[in-house]
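>>> mind folding the following:
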Amino acid sequence: MENKVTLVQDTVILTPDGSTERRECLAIEVPYTVALNDEEIGTSMVLATGLEEFGAGFLFGQGYITEPGQVREVLVCPDGRISVHADVDETMKPKEVIITSGCGGTGKISREMLEGAFDPLKECLISFSEIRTFIRQALQASPLGRDTHCVHGCGFWSDGKLQAYYEDVGRHNAVDKVIGAILMGKFSASGAIYTTGRLTSDMVLKCARIGIPIVMSRTSSSSLGLAIARRAGVTLAAYVRPDRVNIFNAPERILTD
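Numbers count the residues shown, from 1 in each chain. I've put the predicted structure just below:
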């Protein structure tokens, strides 16, 4: 299913020296309602790419889907609905959610996800040269960031290659798309995730709960994001560049060449 994700807008640029006309490229933000087994769970504003993955990842963050293998089918309807069919308890009650630090207060995670012990993470190691290749390939995977200056990107690296790269107007949504791909069996959680967004508590929490052992960001982490990484044993890296990695926790998974 193809979706138009940008539009061109005529603008006037004013400076002390006068005005000029210019055409700008804007990311298109649209609402999609996610349903689980025909029961509507919630609606989110998204960039209309990777919608199947977003639907599964969204339900993971809400606590309805908990592991790969539960998702049977995901259908994206033209009317703005993502229908996820999964092998989960049909009698489950709505989850108590926590409003996260997402822009506008729109991010939500289930309280269950925040509380309780963590399962063992999947394990992997990544070399510095792999990180260099990963970051360069991720940032070159799509022109949307360059063209719109309005989207966050999130990539996943495992088995020596870039497995996927997703974008969205929201950093949480981009991460949800990667998590959704894991839930749909596109690749294992045994790898490294890289996001252009900051690593707040919910961002790190969702990665830890799905079992991703290495979480990296172009920017930094919040204090609670770091605390969760320490609880779960996640390797947390910030300010990641092709030639630099600032490791806040569990550096042993990152190998020097």
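>>> now residue 34, what's its secondary structure?
strand (DSSP: H, G, I helix; E, B strand; the rest coil).
>>> okay, it and residue 83: tell me how far apart.
Separation of residue 34 from residue 83 (Cβ to Cβ, to the nearest Å): 8 Å. Where you see a C-beta, it was placed from the backbone N, CA and C, and this is true even at glycine.
>>> what touches both of these two?
Common neighbours of residue 34 and residue 83, using Cβ atoms under 8 Å, 6 or more residues apart in numbering, are residue 55.
>>> neighbour-wise, which of these two wins?
Each of residue 34 and residue 83 has its neighbours counted (other Cβ atoms under 10 Å); residue 34 has more, 24 against 18.
>>> that one reaches residue 61, doesn't it?
No - at 10.4 Å, residue 34 does not count as touching residue 61 under the criterion of Cβ atoms under 8 Å.
>>> chain neighbours aside, what residue packs nearest to the residue nearest the centre of the chain?
Nearest residue to the geometric centre of the chain (Cα atoms, centre = their mean): residue 175, 0.5 Å. Using Cβ to Cβ, 6 or more residues apart in numbering and skipping the chain neighbours, the partner closest in space to residue 175 is residue 154 (5.2 Å).
>>> which SS class is the one you found?
Under three-state DSSP, the three-state class of residue 154 is strand.
>>> might you report the residue contacts of it?
Neighbouring residues of residue 154 by Cβ under 8 Å, 6+ apart: 165-168, 171, 174-175, 177-178, 193-197.
>>> and the buried ones among those residues, selectable in ChimeraX?
Entered in ChimeraX, the line below selects the buried ones among the contacts of residue 154, by 16 or more other Cβ atoms under 10 Å:
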select :165,166,167,168,171,174,175,177,178,193,194,195,196,197
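>>> need the contacts of residue 154 in CSV (columns: distance to residue 74).
CSV is the format used below for these (distance: Cβ to Cβ, whole Å):
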residue, distance to residue 74
165, 19
166, 14
167, 19
168, 17
171, 22
174, 17
175, 17
177, 12
178, 15
193, 21
194, 24
195, 22
196, 25
197, 24
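>>> ok, so of the contacts of residue 154, who is nearest residue 46?
Within these, the smallest distance to residue 46 is 5.8 Å, found for residue 168 (Cβ to Cβ).
>>> all helices for the chain, in order.
51-61, 111-114, 128-139, 144-148, 171-183, 201-210, 223-232 (DSSP state H).
>>> worst average pLDDT in the ones you listed?
Within these, confidence is poorest for helix 111-114, with a mean of 74 (mean pLDDT).
>>> let's see that helix as CSV, backbone CA atoms only.
Extracted in CSV, the C-alpha atoms of helix 111-114 (Å, rounded to 0.1, in the frame of the first residue of the first chain):
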residue,chain,number,x,y,z
ARG,A,111,1.9,0.8,33.7
GLU,A,112,2.6,-3.0,33.5
MET,A,113,5.5,-2.2,31.2
LEU,A,114,7.2,0.1,33.7
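>>> now for that helix, which elements pack on it?
On a contact count with 3 or more Cβ pairs under 8 Å, 6 or more residues apart in numbering; DSSP states H and E, helix 111-114 meets strand 97-99, helix 201-210.
>>> how about those in TSV, adding mean neighbour count and distance to residue 24?
Shown next, in TSV, are the helices and strands packed on helix 111-114 (neighbours: other Cβ atoms under 10 Å; distance: least, Cβ to Cβ, whole Å):
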stretch	mean neighbour count	distance to residue 24
strand 97-99	14	32
helix 201-210	25	29
